[in-house]
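Colleague: please work out how this folds:
(one chain, ligands or ions: 1)
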Amino acid sequence: MGIPLAFPAFRLSRRGAVLWIRQGIARAEKVQDEMQFELVSLNTVMNPDPKLGGLSFVEGERDIPFAIRRLYYIFQAEKGAHRGFHAHKKNWQLLFCPYGAIDIILFDGEESCTVSLDEPSKGLILYPGLWREMVWKKDDSVLCVAASEYYDPDEYIRDYDEYLQYVKQKKGGIRE
Ligand code: TYD
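Modeller: Model (predicted):
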């Protein structure tokens, strides 16, 4: 099940404008205080010859707050495709889109926010515990993910009602 359409999308922007440091190196300032993600500018080197393009790179534990245990990427998805619909209990992730444009819709149990990954140098660090949905804005956009954990299906929450319950328990201070 996806995020209900009734979600108050973009409410977060009222109290914390998304900060996007275009030319910055690696980590941006914290995007906002409450929802746990950071939009960062990846290290990027453009070749002086525009025909030769650019190169972006990330170093685990330096540019992002975790060591990278796993890389994966999603490809050949069509414009309009929706994926995701889950949260992670432990996994930290860096998302980036080296080709195309993908919207990442985030929800923390109360607030919803959309981040557009539409430039190769944009990176989105997701802390554990956020529900996410990805929407393909262009055919064949590629979503790359660097993850802090090896794949473990038990670390996922894929049921939306279970996620709401999980958030409620966390807020109530109940530990797993
Ligand atoms: P899934 O998480 O459902 O993709 P999405 O949420 O983007 O739609 O993953 C698709 C399939 O790939 C699913 O069967 C689990 C498998 N998978 C792995 O085996 N290892 C991995 O590291 C990942 C991310 C997925």
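Colleague: which bits of the protein sit near the ligand?
Modeller: Contacts of the chain with the ligand, taken as Cβ under 6 Å from any ligand atom, map to Arg70, Tyr72, Ile74, Arg83, Gly84, His86, Tyr151. Bear in mind the C-beta positions are built from the backbone N, C-alpha and C, glycine included.
Colleague: residue contacts, the second one?
Modeller: Listed by Cβ atoms under 8 Å, 6 or more residues apart in numbering, the contact set of Tyr72 reads Cys144, Val145, Ala147.
Colleague: give me the number of residues near the residue nearest to Val167 when sequence neighbours are not counted?
Modeller: Leaving aside its sequence neighbours, Val167 sits nearest to Gly109 (Cβ to Cβ, 6 or more residues apart in numbering; 3.2 Å). Neighbour count for Gly109, taken as other Cβ atoms under 10 Å: 18.
Colleague: could you do Asp159 as well?
Modeller: 14.
Colleague: look up the pLDDT of it for me, please.
Modeller: Note for Asp159: predicted pLDDT of 98.
Colleague: could you report the separation of it from Ala87?
Modeller: 10 Å (Cβ to Cβ, to the nearest Å).
Colleague: residues contacting Arg83?
Modeller: Neighbours of Arg83 in contact, by Cβ under 8 Å, 6+ apart: Ile74, Ala77, Glu133, Met134, Trp136, Leu143.
Colleague: beta partners of it?
Modeller: Beta bridges link Arg83 to Met134, judged by DSSP bridges.
Colleague: helix or strand: which one has Asp162?
Modeller: In this structure residue 162 is Glu, not Asp. Assigned by DSSP states H and E, Glu162 falls within helix 160-171.
Colleague: just the C-alphas of that helix, formatted as CSV.
Modeller: Extracted in CSV, the C-alpha atoms of helix 160-171 (Å, rounded to 0.1, in the frame of the first residue of the first chain):
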residue,chain,number,x,y,z
TYR,A,160,1.9,0.9,6.0
ASP,A,161,-0.2,0.2,9.1
GLU,A,162,2.7,-1.6,10.7
TYR,A,163,4.8,1.5,10.0
LEU,A,164,2.4,3.8,11.7
GLN,A,165,2.4,1.5,14.7
TYR,A,166,6.2,1.4,14.7
VAL,A,167,6.4,5.2,14.6
LYS,A,168,3.9,5.4,17.5
GLN,A,169,5.9,3.0,19.6
LYS,A,170,9.1,4.9,18.9
LYS,A,171,7.6,8.2,19.9
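Colleague: quick one: contacts for the residue located most distally from the centre of the chain?
Modeller: What lies farthest from the middle of the chain is Asp49; by Cα atoms, centre = their mean that is 31.1 Å. Applying Cβ under 8 Å, 6+ apart to Asp49 gives no contacts.
Colleague: now for Arg69: which residues touch it?
Modeller: Contacts of Arg69 (Cβ under 8 Å, 6+ apart): Ala147, Ser148, Glu149, Tyr150.
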